[in-house]
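A.B. asks: Following is a predicted model, sequence given first.
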Amino acid sequence: MNITLVDGVNKDSKWDKHRQSLSILKEGLNRDHHVDYFPIAQMNMTHCQGCWDCWTKTPGICRLKDDGVDYLKSLIRSDLLLFVSPVSAGFLTSETKKALDRFIPEALPYIEIHKGECHHKKRYSHTRSVGFVLLDQNDIDSEAREIIFDTIDRIGLNMQPESLLKFNLTSDNIEEIRNEINSL
Amino acid sequence: MKLTVFNGSPRGKSSNSTRMIPWIISSEGNNETAMEEICYLNKLSAHENYLKKAQSAEGFLFVFPLYVDSMPGITKSFFELMEKHKVIFSGKPVYFIIHSGFPEMIQSKTLSRYLGYFSSKVMAMDYKGTVIIGGSESLQMAPDGAYRKLQSHLKIVGNSIKNREMIPDNTNLLINKRDRLTAFQQFIFTINPLKNFYWNYRAKQQGIKIDLTDQPYA
């Protein structure tokens, strides 16, 4: 399986333990799959500027010619787009959010009704699963987790993945998560 | 009240958020609200400087679009900086306006819940409420006169800020009418020329024929 792995850990040393836990997960995934790894905080990738060039001027192509281009190209081949993020300020990190925002060229500007709501049509017929792994070092408040998981459900409505996975990675469930990913 | 306004739109000065801000704080009878210079969060290098402005503020207003089902990344980046400097914000009133290209209020409700959680639980601020505005991308095409109703509803928010009050509970229903589209509205969205009009219009402005469904990386 081709996996696009988005490492949304922010730069500061505060997140070293989270980085370590992600690194163990990544090693495991590398053994079983082809992984395109995108450590967003270490890449030359800026935030989406909201110009809509990728919708109305150069369809599917972002005006920002940075490492985000490789990320977009990886998505087309990917069977699983996996976002891995600690929780900061009660939500997914800004680096994870940056990667989510740079997903916009993957959608068409056109709207369709999906499950009774307006959502953007997909640009490519290619289907993939989408997963989110929260790096839990006993530092995630239950209300924050609930809000994040609700947000992921909404992201699922927009991305319309084959399967939508939500995990909470602690020190003792890494094998469980790997097995679930391997069973896709 | 000395108010610091944060414009969290990735488009910065040329955003729909910029257009809405004077509808909120230039509201009639709102002269007691002194707005400091607007802080544009798309200028990441200015974030530290914005913290200094926040120190002398008595209250805050955030205006930004729903962006991939939550706040824009640049706004989240500022929230993380705020968390590191809680003492600047703690106890001060905060108001949020979130707007979305999607017409339905339901699309923004989870974000609204997060903003309540973030400001009250994470930041210990005095959360005064979140206003949701659907269908905001139409602001790109229509003149101010087409938004008189919205402007009058936003005046209510302006008055709440002036009086340091909660945003009235019914404000979101006044603006959006309901959480979801009616069956008839859903039907309207299935009519191609109507639902695609705005995007085709924007593409036409480029002066060359563009296939918006192009798949460059296929």
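C.D. replies: Yep, it's here.

A.B. asks: Could you list the low-confidence segments of chain B?
C.D. replies: B:27-32, B:193 (pLDDT under 70).

A.B. asks: what about the helices in it?
C.D. replies: Applying DSSP state H to chain B gives helices spanning B:16-25, B:47-55, B:73-84, B:86-89, B:106-117, B:148-162, B:171-176, B:183-188, B:192-204.

A.B. asks: If you count contacts, what does the shortest one end up packed against?
C.D. replies: Helices and strands touching helix B:86-89, as assessed by 3 or more Cβ pairs under 8 Å, 6 or more residues apart in numbering or on different chains; DSSP states H and E, comprise helix B:47-55. Heads up, the C-betas are built off the backbone N, CA and C, glycines and all.

A.B. asks: Kindly report the same for the first one.
C.D. replies: Other elements packing on helix B:16-25 under the criterion 3+ Cβ pairs under 8 Å, 6+ apart are strand B:2-7, strand B:59-65, strand B:93-99, helix B:148-162.

A.B. asks: So which of these is nearest chain A?
C.D. replies: When the helices and strands packed on helix B:16-25 are compared by Cβ to the nearest Cβ, strand B:59-65 sits nearest chain A, at 7.6 Å.

A.B. asks: Mind listing the strands that closest one pairs with, and their directions?
C.D. replies: Paired neighbours of strand B:59-65 in the sheet (DSSP bridges): strand B:2-7 (parallel), strand B:93-99 (parallel).

A.B. asks: Buried ones in the first one, by neighbour count?
C.D. replies: Within strand B:2-7, the residues that qualify as buried by neighbour count (16 or more other Cβ atoms under 10 Å in any protein chain shown) are B:3-7.

A.B. asks: got the contact list for the closest residue to chain B within chain A?
C.D. replies: As assessed by Cβ to the nearest Cβ, chain B sits closest to A:G50 within chain A, at 3.5 Å. A:G50 sits next to B:9-11, B:15, B:65, B:67, B:72 when contact means Cβ atoms under 8 Å, 6 or more residues apart in numbering or on different chains.

A.B. asks: what secondary structure does it sit in?
C.D. replies: coil (DSSP: H, G, I helix; E, B strand; the rest coil).

A.B. asks: Just list whatever residues bridge to A:S85.
C.D. replies: In beta-bridge terms (that is, DSSP bridges), A:S85 pairs with A:L134.

A.B. asks: Most remote residue from the middle of chain A, which is it?
C.D. replies: A:K57 (25.5 Å; Cα atoms, centre = their mean).

A.B. asks: Just give the nearest non-adjacent residue to that one, would you?
C.D. replies: In space, and not counting its chain neighbours, A:K57 is closest to B:Q206: 5.6 Å by Cβ to Cβ, 6 or more residues apart in numbering or on different chains.

A.B. asks: ok, that neighbour touching A:T56?
C.D. replies: Yes: under the criterion of Cβ atoms under 8 Å, B:Q206 makes contact with A:T56 at 7.0 Å.

A.B. asks: hang on, the earlier thing: tell me how far the residue nearest to A:K57 lies from B:M125.
C.D. replies: As judged by Cβ to Cβ, to the nearest Å, B:Q206 and B:M125 stand 43 Å apart.

A.B. asks: neighbour count winner among those two?
C.D. replies: Set B:Q206 next to B:M125 and count neighbours by other Cβ atoms under 10 Å in any protein chain shown: B:M125 wins out with 20 against 12.

A.B. asks: This completes my enquiry, with thanks.
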